[in-house]
Structures are given as C-alpha cells and as structure tokens.
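>>> What follows is a predicted protein model with its sequence.
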Amino acid sequence: MADHPQQKSPKVLIVTASAGGGHIQAAHAKSMHLQRFYDSPMILTQDLVIDWIGKRVGKGACNLWNYAQRRGNVFLQRCIYTLAPYCDIFLGPKFFLKTLYLILKHDLDYVVDTQPSGLNAMLKATYWASIIKGRHIFLEKMIIELPTSKISLYYRPLRKIRKKYLKHLHIQTAFPLLEKHNTPEEFWEHYTRLPASMFDTSAAPIRPTFLQDYSHVHKDDLELTLMLHDNEEFDLITKGLTHCCAHFTAKKKTLNLTLPPAAHVTTLMLGTYPSTSGVKKYVAQFIEHLSQKGTDRVHFLFVFCSHKEAKNSLLHELHELIDMLMPFPETICVLPLYFQDEKVIAPLLARSQITITRSGAITSHELLNVATGNVFIHSECKSPPYTQDRMKKWMPLWEEGNAEYLAKKKGARLINPQTFLSELQDLL
C-alpha cells in the first residue's frame, strides 16, 4: 500500500531475506521511499534468513540457493522452494516472538514484509502488539513476484489468515495476469479467498530511479558513470575498451562512457548470481556473429557478472574469453563488469535495443517500467526441442509466471544459448 502522511515520521520494521537479490532490493526500494516521503523515519531492517533463522543455518541456506543459481540448477531451486512452507510450520513461533519483541521494544508503527515466509506469524504478532499498545499496528505485505497462477508460495498463507487479523493486513502487489479469470475480483477470490479491495496495485516495489522518464535516451548521447570496485576491475575494463572505438574517460574508481544515439546496445543481466556457462556462451556467440556479419555500427554488450563481494570468477573468465576471441572488429565493445547501482541500470535498460535477463521479481518490475527494446528471458533448457512452452519448464516456477506476464505485457520471448542466433541474428 502507499504510505499515508502522518504528523510524525513512522517507525518501521522491514523484514527481508538474503536468498537471491529481489527481496533485498524491494526492502531497499521501500526504505528509499520512506526516506523521500518523511523527514526522519526510523527504519529497522531484519534479514529473516540470517538474523532470525540464524547465521550458520541461514548462511548455509543462502549459499545453497546462490550455488543453484550459478550452476543453473533449476531442480535444486524448485526443491528449496517446496521446502519453504515447512519453515513456517517449524519456525512460526520464533517469527512471532521476534516480530512482537521488536514492535514492543522500538514502539513501531507498522511492519513491511518483502519475502514469502512467516506471514501468519508476523501478522499475529502485529495483532497482539496492537492490543498491548492500544493502537492500530499493521503489516504491509509486499508480493514482489508478478501475480500469476505460479506463485502459490505467496497465496497459500493468505488463504489461511483468520478474519480478525485482516484489518491489520495491507497487501501491495501488481495488477494480476488475467487468463482464466476475467476480472481481478475473480482472480484474487480464486487464489487467495480475499476480496480485491485488500490488494493495492498502485505502486511497484522498485527504486524511484526506475519510475523516471527515459524517453530522451534514444535521442541524445547517454552518459554513464560506471563504478569500478578495485584496481583489478579498472585494469580489465580499460584494457577491453582500448580494443573498441568507444569514447570513455577512466579514473581509479569511475569510468565515464558515452553511448551515442547511433550505437546498438545489448544488456545481459542474468541475476545476482548468474549462470556462468550460459553467460559465457551468450558473449561468445555475440562476438562471433557480429565478427562474421561485419558491421559499421558500434555494438555495445554490457554483461553484469555479480556483486563484487560474491567472490564469483565470472568477471575474470569473461575477460579471458574476450582475449581468446581477439582480434575482432573495433565496432564490437563488450563490457563485463560487477553490478552497478540503479543510476546506471535504469537508463541502460531504457536505452537497450536488446535485453537478456532472467525473470526475477524485481527485474521483471523494472523491465515493465523502463524497457523499450526487445526483451528476452533466459531459460536453462539444454536439450531440444526448444519451444517456448518447453523452455518455461526449465525455469523456477515463479520465474515462469513472471516470464508469462512479461510475454503478455512486453512481448518477451524465452531464449537460451542454443536459440540465441535464431532469435537475435536479425536484431544485431
């Protein structure tokens, strides 16, 4: 729900989770919104996996999830997904006590939840905190996945909520993907047993930068200021840029790069922990195809490898791959780099003629708001036939739903390294 103006700045607990990056990004977006809306809000952020479940077990679970993403192991991701409801059963009392304790200790006004576990326990805590404090305290549930038939992990807890708790629950989500159900009322009733009036679809869980107007980026030079995290990244990126005709200026911690209107831009961003083999195959085919085709037009390929602290070798492997494929025309400019902030990502997604991503929750919302080019969603399908329906089965279930949503709203198509050339050769 949208925040309502208050005479005083609120005290808010934001509960998020470290598995993947979407829940953290949604929490960050909510925090940024509160800081813009109020003068001095008190924001307490808790990681349900690390802070509440425990550092040893929580970090182990996060590492397992991130390993599955890097390896493109969809089966393991789906197995972890099916275990999530048991987390509520066995850890529900702990989530209840943690939430109640923090509300009472910090005299909080409400709770924001950006992840899928523990809803009923936290909602029950807000109910009892309201009774103890003698004032209304509520929980704002952010369903960050796009509402389709594929996110039962979010719907299941909503179907179990007792009526007396509903007045303490606000739900923020997107407009649902209507397929078999003709109206939002029918959709929400079927999947959650709750009325459509409970669901606020007015605000996406994304950072304010993605809500700006980027219509100018195709008409004028786009100036990007890329953050360089260390001397090694500086050396790798500047070395790569010297082989192409891009205009740039580099300092030790930043690189200013100009994208002229005539340049063709492709962005490859397969999540916080991208599939190593998939990314390398896309990059190799991009270079080889354009080298064989020959083009006077400058082609940029931005490849986001992971966060610096992820200790992922993909950045180095890609630069080694580029060196191995040398020489190629100077009109081909490939930039593998660590993740950048929203001031780079938002205009770059708007500027890209081609975007290849996974259909994670926040990425999907961002694409819906800013993408103007061709959107392709990566699938881990590794054997034929490579039909759109079959490739969906090689995605985590919730990402499959997001991909269907993007297909309907943005014309997105599924892709993998085996179908790269057939899908993109006419666009490059």
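Good, I have the coordinates.
>>> use CA for all of it now, contacts and neighbours both
Will do.
>>> okay, now the residue nearest to Met42 when sequence neighbours are not counted: neighbour count?
In space, Met42 comes closest to Lys11 once its chain neighbours are excluded; the distance is 4.6 Å by CA to CA, 6 or more residues apart in numbering. Lys11: 17 surrounding residues under other CA atoms under 10 Å.
>>> got the contact list for stretch 385-400?
The contact list for stretch 385-400 (CA atoms under 8 Å, 6 or more residues apart in numbering) reads 74, 77-78, 145, 150-151, 358-361, 379-381, 413-415, 419.
>>> can you check stretch 26-41 too?
3, 9-12, 14-16, 43, 114, 144, 205-208, 362.
>>> Leu335 and Thr242 touch, don't they?
No - using CA atoms under 8 Å, Leu335 makes no contact with Thr242, being 11.3 Å away.
>>> before we move on, back to that, how about the residue nearest to Met42, what does it touch?
Residues in contact with Lys11, defined by CA under 8 Å, 6+ apart, are Pro41, Met42, Ile43, Leu44, His106, Asp107, Leu108, Asp109, Tyr110.
>>> List phi and psi for it.
Main-chain dihedrals, Lys11, degrees, to the nearest 10: phi -110, psi 120.
>>> Just the buried ones among the contacts of stretch 385-400, please.
The neighbour count (16 or more other CA atoms under 10 Å) marks 74, 77, 145, 150-151, 358-361, 379-381, 413-415 as buried among the contacts of stretch 385-400.
>>> Let me see the ranges of the helices in the chain.
Using DSSP state H, the helices assigned to the chain run over residues 22-37, 55-70, 74-106, 119-133, 152-159, 184-192, 231-241, 276-293, 314-325, 342-351, 361-370, 388-392, 397-410, 420-424.
>>> Dump these to CSV, plus distance to Ile171 and mean pLDDT.
As requested, the helices of the chain are exported to CSV (distance: least, CA to CA, whole Å; pLDDT from 0 to 100):
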stretch, distance to Ile171, mean pLDDT
helix 22-37, 14, 92
helix 55-70, 26, 80
helix 74-106, 18, 89
helix 119-133, 11, 97
helix 152-159, 10, 92
helix 184-192, 12, 95
helix 231-241, 42, 84
helix 276-293, 36, 94
helix 314-325, 38, 90
helix 342-351, 25, 96
helix 361-370, 16, 94
helix 388-392, 28, 94
helix 397-410, 18, 94
helix 420-424, 38, 93
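>>> Count the residues that sit near Thr276.
Other residues near Thr276 come to 20 when the count uses other CA under 10 Å.
>>> From Thr192, how far off is it?
For Thr276, the distance to Thr192 (CA to CA, to the nearest Å) stands at 37 Å.
>>> do Glu342 as well
33 Å.
>>> Over to Leu270?
When Leu270 is compared with Thr192 (using CA to CA), they lie 31 Å apart.
>>> The two - which one has more neighbours?
Applying other CA under 10 Å to Leu270 and Thr192 shows that Leu270 carries more neighbours, namely 25 against 18.
>>> ok so, going back, out of the contacts of stretch 26-41, show me where the pLDDT dips lowest.
The member of those with the lowest pLDDT is Asp3, at 47.
>>> which one of the contacts of Lys11 is nearest Pro176?
Checking those against Pro176 by CA to CA gives Tyr110 as the nearest, at 25.6 Å.
>>> Please name the residues that touch Gly92.
Each residue near Gly92 by CA under 8 Å, 6+ apart is listed here: Gly118, Asn120, Ala121.
>>> Grab the nearest non-local neighbour of the first one.
Nearest-residue entry for Gly118: Asp88, 5.3 Å, with adjacent residues in sequence omitted and distances by CA to CA, 6+ apart.
>>> hang on, the one you found packs against Pro116?
No - counting by CA under 8 Å, Asp88 does not reach Pro116; the two are 9.8 Å apart.
>>> These two - which one has more neighbours?
Taking neighbours as other CA under 10 Å, Asp88 and Pro116 compare with Pro116 leading, 22 against 19.
>>> Give me the distance between that one and Tyr81.
10 Å.
>>> Could you do Asp296 as well?
Relative to Tyr81, Asp296 is positioned 47 Å away (CA to CA).
>>> Name the residues of stretch 106-123 that come out as buried.
108-123.
>>> wait, isn't Gly401 in contact with Leu177?
No - counting by CA under 8 Å, Gly401 does not reach Leu177; the two are 9.1 Å apart.
>>> Need the residues touching each of the two.
With CA under 8 Å, 6+ apart as the test, Gly401 and Leu177 both reach Leu146, Pro147, Thr148.
>>> which of those residues tops the neighbour count?
For the shared contacts of Gly401 and Leu177, the largest number of neighbours (other CA under 10 Å) sits with Leu146, at 28 neighbours.
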